[in-house]
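Q: I would like the atomic coordinates for the input below:
(one chain, ligands or ions: 1)
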Amino acid sequence: MKKEVEQVIQAARELIQQRYQKDGHHFVVAAALLTYNGNLYTGLNLGTTQPSVAMCAETSAIARAVMAEEDMKIKLIAVARDKEAYLVSPCGRCREFIADYGDKNTLVVVPADNDKGYDVRKISDLLPVKYEKKCQ
Ligand SMILES: [Zn+2]
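A: Numbering: from 1, shown residues only. Predicted structure coming up:
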């Protein structure tokens with residue numbers, strides 16, 4: 001698993017370092033995910049000139065994976081931002097996407113609580129009470 005974690009971190013970091021662009025399309029975040037089928041997909045945040053109209057990097061990576069694999073499930077995901085390629089946690093909206101396109105064992109790379117390095121957590125720990133359609 002450690003090799004896979006390093007693989008997704010490196011992919012996210014390399015992508016944002018290559019494509020970082022603060023103006024124009026505002027590429028400031030990259031995500032990389034590994035599916036249970038063993039394939040790696042990356043995505044960039046998609047900014048627009050209207051600041052409230054944007055798409056997170058995680059969702060663009062998920063969209064690429066869904067288009068490529070009918071039975072896609074996220075095994076592991078990492079997110080990096082800015083030229084320095086800092087690792088960051090997915091936002092709340094993306095946690096819903098990750099939970100829906102993964103399973104309870106899907107892993108997410110997050111900054112460590114002690115600010116040294118990173119941790120790997122289950123999405124079910126990051127989003128313990130996800131949105132459900134059925135509730136009375
Ligand atoms: Zn997000």
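
Q: Averaged pLDDT, stretch 98-116. What do you get?
A: Stretch 98-116 shows a mean pLDDT of 93.

Q: For it, buried residues please.
A: Ile98, Ala99, Tyr101, Gly102, Thr106, Leu107, Val108, Val109, Val110 (16 or more other Cβ atoms under 10 Å). The way it works is simple: take the backbone N, C-alpha and C, and place the C-beta from them, glycine included.

Q: and it with the ion, contact?
A: No - using Cβ under 5 Å from the ion, stretch 98-116 stays clear of the ion, coming no nearer than 9.3 Å.

Q: distance between the ends of that stretch?
A: Terminal residues of stretch 98-116 are spaced 24 Å apart (Cα to Cα, to the nearest Å).

Q: who touches that stretch?
A: Residues from elsewhere that reach stretch 98-116, judged by Cβ atoms under 8 Å, 6 or more residues apart in numbering: 1, 5, 8-9, 58, 62, 65-66, 72-79, 86-90, 95, 118-124, 126-127, 130.

Q: So which of those residues are in strands?
A: Secondary structure assignment by DSSP state E places 74-79, 86-87, 118-122 of those in strands.

Q: ok, of the residues you listed, which one's closest to the ion?
A: Nearest to the ion among the ones in strands among the contacts of stretch 98-116: Val79, at 8.2 Å, using Cβ to the ion.

Q: Please report the distance of the closest residue to Ser89 other than its chain neighbours from Glu84.
A: Of all residues beyond its chain neighbours, the one nearest Ser89 is Val110 (4.6 Å), with distances taken as Cβ to Cβ, 6 or more residues apart in numbering. Taking Cβ to Cβ, to the nearest Å as the measure, Val110 falls 17 Å from Glu84.

Q: ok, now Gly117?
A: Counting by Cβ to Cβ - Gly117 and Glu84 are separated by 15 Å.
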